[in-house]
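**Student:** need a 3D model of the following:
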Amino acid sequence: MVFDVARDRNIGVGVSVVRQRCRNAIVLGLHETGVFTRLTDSMQKQVSTGKMLHGDDALAVDESVLRRVAHEVPDGTWPIGMHMNVAEKLGIANKEARAAIAILIEAGRIHDGRYREDQKGP
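**Tutor:** I've put the predicted structure just below:
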């Protein structure tokens, strides 16, 4: 994980790690206090999958889209903006593909292979 020295932003895989750990802490707290079981099934799913971290765009991403997007994302390094290629291939909106990729990364279902200029090339 790489953190900006000024600590005002996380870069690289750090963003996903921080979001995932925050979500895990929230879910653990909800379980420990007994609140989780009182949530609706829909809210339990949103909290558990990380969809709550991506706002309204993520709420529209259903499991079938997540599976299709996961199938299109390569295991290795891929360029930023790949969501546009995935969206075109699957016939979905760019923002839906982007939200799906973010959810899948944070849930640990796909590798974060985004290529950034601050990294060595593929």
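
**Student:** which residues are in contact with Gln44?
**Tutor:** Applying CB atoms under 8 Å, 6 or more residues apart in numbering, one finds that Gln44 lies in contact with Phe36. All C-beta spots, glycine's among them, are computed from the backbone N, C-alpha and C.

**Student:** can I take it that it is in a helix?
**Tutor:** Yes. Assignment of Gln44 by DSSP: H, G, I helix; E, B strand; the rest coil places it within a helix.

**Student:** gap between it and Ile103?
**Tutor:** Going from Gln44 to Ile103 by CB to CB, to the nearest Å gives 15 Å.

**Student:** cool, Leu39 as well?
**Tutor:** 18 Å.

**Student:** the two: who's more crowded?
**Tutor:** Ile103 (23 against 14; other CB atoms under 10 Å).

**Student:** helix, strand or coil: sort out the more buried one for me.
**Tutor:** Three-state call for Ile103 (three-state DSSP): helix.

**Student:** wait, doesn't it sit right on Asp62?
**Tutor:** No. The pair Ile103 / Asp62 is not scored as a contact, 10.8 Å apart, by CB atoms under 8 Å.

**Student:** any weak-confidence spans in this protein?
**Tutor:** Applying pLDDT under 70 to the chain flags the ranges 1-17, 19-20, 48-60, 115-122.

**Student:** just the helices in it please.
**Tutor:** Ranges of helices in the chain, per DSSP state H, are 14-32, 41-49, 55-59, 63-72, 82-90, 94-106.

**Student:** tell me which of the ones you listed sits most buried.
**Tutor:** Counting by mean count of other CB atoms under 10 Å, helix 94-106 has the highest mean neighbour count of the helices of the chain, with a mean of 22.

**Student:** what's that one packed up against?
**Tutor:** On a contact count with 3 or more CB pairs under 8 Å, 6 or more residues apart in numbering; DSSP states H and E, helix 94-106 meets helix 14-32, helix 55-59, helix 63-72, helix 82-90.
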